[in-house]
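Asker: Structure for this input, please:
(3 chains)
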Amino acid sequence: MEQPRVGTDIQFAICGSAGDGTIAAGDIMKRAAALMGFKVIAFDIYPPEIRGFGKCISRIRISDAQTYSLKRHSDVLISLNDAHAIPHVGEVRDFGAVLFEDNSIAELPEGGHISAHIRAAQVPYGFGIREISEKATGLARSRNIAALGYAAGLFNMPPGIFHQIIAEKFAKKPRAVTEDNTRAFDAGVEAAARVFKLDDVSVGRPLSAASGADAVMMTGNGAIARGFLEAGIQAYFGYPITPASSIMERMAAALPREGGRFLQTEDEISAIAATLGAGYAGARAATATSGPGLALMTEMMGLGVMAEVPFVVAVSQRGGPSTGLPTKTEQSDLNLAVYGGSGDAQRIVLAPTNVEGCYRCAGMAFEIAETYQTPVVLLVDLYLSNRFETVIPPRKNIFAPKPRKTPKMGKGEEYQRFRLTESGVSPRSIPGEAGLTHTVTGLEHDEIGHPSDRLHNEMNAKRHHKLLPATHFPGLTTQKRFGDSGKVDVGLLGWGSTFGEILETLYTAQGQDIRVAVMKVVMLSPLPVDEIAAFMDDCTHVLVPELNFEGQFANMISGATGRPVTRLTQTTGAPMLVDDILAELHRLIDSPAPPPTSSHRTAEGVRA
Amino acid sequence: MNEHVNPVYLEDKLDEIRADGHLSYRSKSLPTWCPGCGYFSMQEGLTIALNRLGIAKENAVVVSGIGCASRFPFFVDTYGFHTLHGRTMPVATGIKIANDALSVVAIGGDGDAFAIGGGHIPHAARRNVDITYMVFDNGIYGLTKGQTSPTTAQGFKSKTTPYENLDMPLHPLMMLLSYRASWIGQAYAGRPHHLAEMMTQAIAHKGFSYLHILSPCVTFDKTDRTYGKLNMQVHDLSEDHDTSDLIAAMQQASAAEIPALGVYYVEDRPTLSEEMDEISRRARNAPPIAE
Amino acid sequence: MASPLHHVIIGSGSAGFGAAVTLRKGDPDCRISMMTMDSLPFYNRYDLPQIFQGRSDWRDMLAVPPTFFDENRITLRRHNRVVEVDGVARRIRLAHQETVGFDTLLVCSGGRAYVPENLTDKLPLMHGMGSYEAVMRLYRDLPQGGHAIFIGGDMIGIDLMLMLVKTGYSVTLITTPQTLWPHEVSDEKRGKILAALADKGVTVVDSARPVGIDAGSDQGAARVVTLEDGTEINGDVVVPACGLVASVEFMLRAGVDIERGLLVNPELGTSNEAIWAAGDVCQIWNDEDKVYQFCHGWKNVRIMGELAAGNMQGTHRDFDVRVEDRIDLDEAGNIVSTFWEH
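Answerer: As a prediction, this is how the structure comes out:
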C-alpha cells in the first residue's frame, strides 16, 4: 500500500505565448528535477500554430514518490505572457506562488495584467523578467530562462544542475547561447535572493535512492520510440500526424544510426502497407499514427490479421471524429483500434497507462506480434504521448529479438503456411527461406494459402483463438489490481492515460475511509475477461472513467462480462480530474443499489 | 524461293521447354483467367525472365493488388503476396526495404494501378525503390465483370458507361516518364518472346522499373483493344531512340495512339536502399540527435 | 441599469481596507479595486512588532482571512505601483503599463519613512519597518541579542524599540528633531519620555547628529553610525524612525491641490470631486485654525478611510480634526500615546 506522501510534491506551471520559450523553460525544469533525483510527470500544451500566437503551457510535477497524474492545482505559476496565463491563475493553490512580469513594455488594457487576477490567498512575485534578461544578456530573448532562474532561486533548487541542463540543451547552438542563458539564469537566481519568500512552496532534497543520473526523462512517444529501438526495430514507415509525429521524428533521427531503415511515406495507407510488407518479409517493422490515420489504416490492419503478418502500429489518440481536435486529448479511438475494419478481425491492442508502460509495451510489442503472427496496436493518447515522466530503464536490454526459427519440413511434407494447429499458430516462413515458398492473401484461404472459402469458420476460429493466451504473455502486465483487497464499495476500471487519475483517486479515497480498489486493463484485445470478472465480483459498484462520449471501454467491459457498470465520460479535450472521479465515487457510495447508469459532464441523461 | 524447313516435333519441343527450367517457377495452381486472356503470356514471360536471371524461387516475391492480373502470385511458385486493391507499391516497397536480397516484382491491372493505386506510383518511382512494376493494361475491370477503367478508350460502352465512356483515358507511359521512373518500357501480350525479354530487362534493372503491358480482355472488350486491332497497331520503337533522353521518350510515347513497344527510358541513379544506407552512414558520423 | 461604479483605492493599509469594507457595505454591486505595492493581503501595521515575539508567519499576521477579499469581491492587486493619476479622464496608470479607469478614487497611499537629507544615500544600509517584509528582514538580520540603532524616535519606532528591549535586544536611540513624531511636546516632557525610554533599557544618545552610516567589516559590527563629533556607534542594524512623509509623487499631475500631503476638505474630498484621500497621505482642512493639518495615528487613519468611503457614496460627514494628540507616562512609568490607540 502506498504511504501518504511526505516531502516534495510540487507542480510548476509555466505559461506563455508560442515563441516565449515556455516549453523550453519547462523542459529545463523537468530535466533538472529529474537529475536532482525527483520523480517527474510533466505535460506540455502547445497550439497548432507554428509560432507567434497561441498559448503554451508546461506543467511539471516533481515529487519524492512516484505519482500517476498531474495535480489539479499547481503550486507555482510562471507567466511569460499574462494574456495566456490569466485563465490559469485559478489553478494555483492557496499560498502558492504566481511569478509575473511587473515591468511590461506593452500598453495593457484594464485587467490585462495578471496582478488583477491573483487571489488574496496566492502569493504574487512581480519582477522585471525582461529587465533581468536584458541586463544579463543584452537581449530580452532569455526571459524564459531568467524567470526559470528566479523560480529556482525562490525555491532553493541547485543552480549547478540547471547550468548542466542548459549546456546540454543548447549544446548544438553557438556557445554564446549557452553562456547568455546561463547568465540570464544566474541573474534570475540573484533577483530572487533579494525577495522575501512568502509562499509555502518548498522543494526539498529528493528521498529517492535512485540517483538522478540513471533516470531518463521521456515522453510517452519518446518511450515508445525507445522501446522500439531496444526491441531492434528494423524498419519504420510513417506519415506525419499530431500527436504521433514525435515518434516518427525520433525514428528518423535514431533508426538509421542503428542500421535500421526509416521512410516517410506518401500517406497513412502506404505507411501501414509498407510496415506490413516489411513485417511479412521478416523485419521488425512499425508505424505510428493518430485516429484519422488509423481510420485509413484499418483495411490494411484487416489484411495483417487475414494474412497473419506481424507488425506494430502505435496510435496516439486525439479528439475526434474526423479531423477533430488535433491538439487535445481523448480516448475515443478504442472502438476503431479494437474493432476497426471489415469482418471479424481480432488483433492485439495494448494500452499502456503511463510512460514506463509505453516503454515496456513498445519493447515487447514485436515479440508479441511475432508470437501470434498478428498486428499489434499500441494505443495511447495525446496526454500520454506528450507527457514527461522519469523512467529508470533496465541496464541490460531486455527487449532484444531472439533468433528466428525457420519451420522444419519432413521429407515429402508439403509446407502449409496456415496449417490448423492446436494453438492456432501456424509455421511461418519468410521470403528467402528455401523450400517454403507460398503466397499469402487477403482472401479467405485454405491451409496452403490458396483462395478458398471452404475453411472460413475454422480459419476464423484459428485467428481468434491463437490470440487468447496473449492475456498471460510472460513478462507483460495485461491487467493489475490496486487498492483494498476483498470486497469493496467501489471498483474503478480504467485504461490508458486516465488510469493515472484513477490511481490518484484511489489514494485520495483511501484516506477517506472508503473501501475501494482499482484495476488497470492494459490488454484491451483480447480482453483478460476472467480477471476483470473476478475484480467486478468484489465490487458493489463498478465505475469506468474514460475520455470519450459513449463509454467505449465501459461498453466493452459490459459486453464481455454481461454485467452493469457505471460510466463516467468526458470529452473536454483535457484529462479527467481526480475531483470529478472522486465525486462520482461518493455519489455511487451514497446511492443504494448498483444501477447501470451513466454520467456525462456535458450531456446529462444521454444514456441510461 | 521457299527454303526447306525442318519439322518441329512436339516431344522435342516439350523436352526443350522442360530442360530450360522455367517451368519450375510455375505453381501447381492453374490460372483462373479466361481462355485466350493475354495474361497467360505474362505468366510464361515472368517464369522465363526469373529463370534467365537465375533468381532462386525463394528470393523472388511477387506482390499484387486486386483484379484479374493480381491473381498472378498464385500461379507462380515463388513467395507471393496478394494484397489489397491498389496497394502493391507500398507493400512491395516495405518488402524490399526489409530485405535487399529479394527480387520484388509488383503486378497489377490498369484499375489497380491507375485508379485506386494511382497515388502511390509517383512515390515509388521518385524514390527509385528497386522493384519492378508490371501493369497489365486491358482497359477494363475484368474481375468485377466489365466496367471501365482509367485507361478505357473514349466512346467505349460498358456496364458502368452504358451511354459511352466520355472520360479521357490516362496515359500511363507519359505519367511514368514524368515521375522519372528509372526504367520504362512497353510490351504486348500478343508478342510473348518480346514480352519475356522486356520482363527480363525490367527485373535486371537496378532501381524502379515500370513495364506497361498491353493486353486484350477477350471477355469484356470485343470492340476496342482486341488482338486483331492491337496486332495491326503495335510497332517497335525505332532502333535509334536514345533511352537516356527523357524528352525524346515523351515524344515517342505521345507519337501514336498505341505507342511503340520497347524500352523508352533508362536512368542509373541511387536506389531507395542505397539512399537509406547513405543516411545510415551520415547518421553514424553525426553526433546523436537529442530526444 | 447603470453599470456598477468602479471605486479604486490606492493603498492597502487600514485606511484603504476600512474604506473597501465600507464601500462594499454601502453598495453590493460596485466594483472595488485596491492597488498596493505590498505583497500581503491586509494586516495591521501596529501588529508588526509582534514578529519579535514569534508571530512571524504572515498568515498569522493577516487581519482577515484571504477569502475575505473573494467573498467581498474586493480585487486586491498587489505588486502594483501607481505612477500617474489623470483626474480629468479618471484613470490611473500603473508601472506595468496598465491603465485602469475609475469612477471614484480614494488615495490612501500613506507615508514612507523620512530619512534626514544627509543620510539619504545611506538608505541601502538601513532597515525599514513599514511593512511585514521589512520587519521580517530586520528580524532576520538582527542576531539574537543584537544591537539595533534607531535614528530618530518616532512613535512607530518607539513601539518597536520597546518590543526589542523587551525581547532581549539592545537598542540605541540617536535622537533627531523628529523624535516622538508626530507628537509635538515641550522640552520638559521630551526629557521625561527619553528618560523613561532609558529606564526601559534604551541607550539614548541625545542632541547628537548622525552624519554617516557604513557597513562594518566581516568580523566586527555590521553597521557603524558616525556622529557629528566623530563618535562611532557600532550596531547590527540601523532603523530610520523620523516620521513619515506623504507618498504623493504619483499625484503630482492629477490636478488636485497638494502641499506636503493631498489637501482635502473635512469630508476628505480633494479639489477633484472624484478623488478622495484618507490616512497619512492627506492634510485636512482645520476650519478653526484655518490650516491644513495631518492627523496621524492608527485609529485616525482607520476612521478616515471608513468616513471617506461613506462620503464617496453620498453621505456627508466631516472628519473632526480636533483629534486628541497626547503622549505621557502612566503611573507605572510606561509611555502612553494617542498615536498607538487603535
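
Asker: give me the beta-bridge partners of the closest residue to residue A:307 other than its chain neighbours?
Answerer: Leaving aside its chain neighbours, residue A:307 sits nearest to residue A:440 (4.1 Å; criterion: CB to CB, 6 or more residues apart in numbering or on different chains). In this view, the C-beta of every residue, glycine as well, is placed from N, C-alpha and C. When assigned by DSSP bridges, residue A:440 has beta-bridge partners residue B:81.

Asker: Enumerate the residues of chain C near chain A.
Answerer: When proximity is defined by CB under 8 Å from any CB of the partner chain, chain C lies next to chain A at C:33, C:39-41, C:58-59, C:65-70, C:75-80, C:94-101, C:133, C:136-137.

Asker: Among these, the buried ones, what's the PyMOL command?
Answerer: This is how PyMOL selects the buried members of these, with burial counted by 16 or more other CB atoms under 10 Å in any protein chain shown:
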select buried, chain C and resi 33+39+40+41+58+66+68+69+75+76+77+78+79+80+94+95+96+98+99+100+133+136+137
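
Asker: wait, the residue nearest to residue A:307 sits on residue B:82?
Answerer: Yes: contact criterion CB atoms under 8 Å: residue A:440 and residue B:82 qualify, at 7.0 Å.

Asker: Quick check on these two: which one has the bigger neighbour count.
Answerer: residue B:82 (27 against 22; other CB atoms under 10 Å in any protein chain shown).

Asker: for the stretch 151-300 of chain A, what spans make up the helices?
Answerer: A:159-169, A:175-193, A:220-230, A:245-254, A:268-280, A:291-307 (DSSP state H, counting those that start in this stretch).

Asker: Would you point to the one among the ones you listed that's packed deepest?
Answerer: helix A:268-280 (a mean of 31; mean count of other CB atoms under 10 Å in any protein chain shown).

Asker: Tell me what angle that one forms with helix A:291-307.
Answerer: Using axes from the mean of the first three to the mean of the last three CA atoms, to 10 degrees, one finds that helix A:268-280 and helix A:291-307 are set 30 degrees apart in direction.

Asker: So what's the gap between helix A:268-280 and the chain middle?
Answerer: Mean C-alpha position of helix A:268-280 versus that of the full chain (CA atoms, centre = their mean, to the nearest Å) differs by 24 Å.

Asker: now the angle from it to helix A:245-254?
Answerer: Using the same axes, to 10 degrees: helix A:268-280 against helix A:245-254 is 50 degrees.

Asker: Give me the average confidence score over helix A:268-280.
Answerer: Mean per-residue pLDDT for helix A:268-280: 98.

Asker: show me where the stretch 101-250 of chain C has helices.
Answerer: Using DSSP H, counting those that start in this stretch, helices in the stretch 101-250 of chain C cover C:132-141, C:155-166, C:187-200.

Asker: same check, this time on the stretch 51-200 of chain B
Answerer: Using DSSP H, counting those that start in this stretch, helices in the stretch 51-200 of chain B cover B:88-98, B:110-111, B:121-127, B:172-179, B:192-204.

Asker: Return the set of buried residues in the last one.
Answerer: The reference is to helix B:192-204. B:192, B:194, B:195, B:196, B:197, B:198, B:199, B:200, B:201, B:202, B:203.

Asker: Is that helix positioned near chain A?
Answerer: No: Helix B:192-204 does not reach chain A (CB under 8 Å from any CB); its nearest approach is 15.5 Å.

Asker: Give me the contact list for that helix.
Answerer: B:41-42, B:44-46, B:48-50, B:52-53, B:55, B:103, B:105, B:132, B:134, B:183, B:185-189, B:209-211, B:213, B:261-263 (CB atoms under 8 Å, 6 or more residues apart in numbering or on different chains).

Asker: quick one, what contacts whatever residue of the stretch 201-342 of chain C ends up closest to chain B?
Answerer: For the stretch 201-342 of chain C and chain B, the shortest gap (CB to the nearest CB) falls at residue C:218, measuring 45.1 Å. Neighbouring residues of residue C:218 by CB under 8 Å, 6+ apart: there are none.
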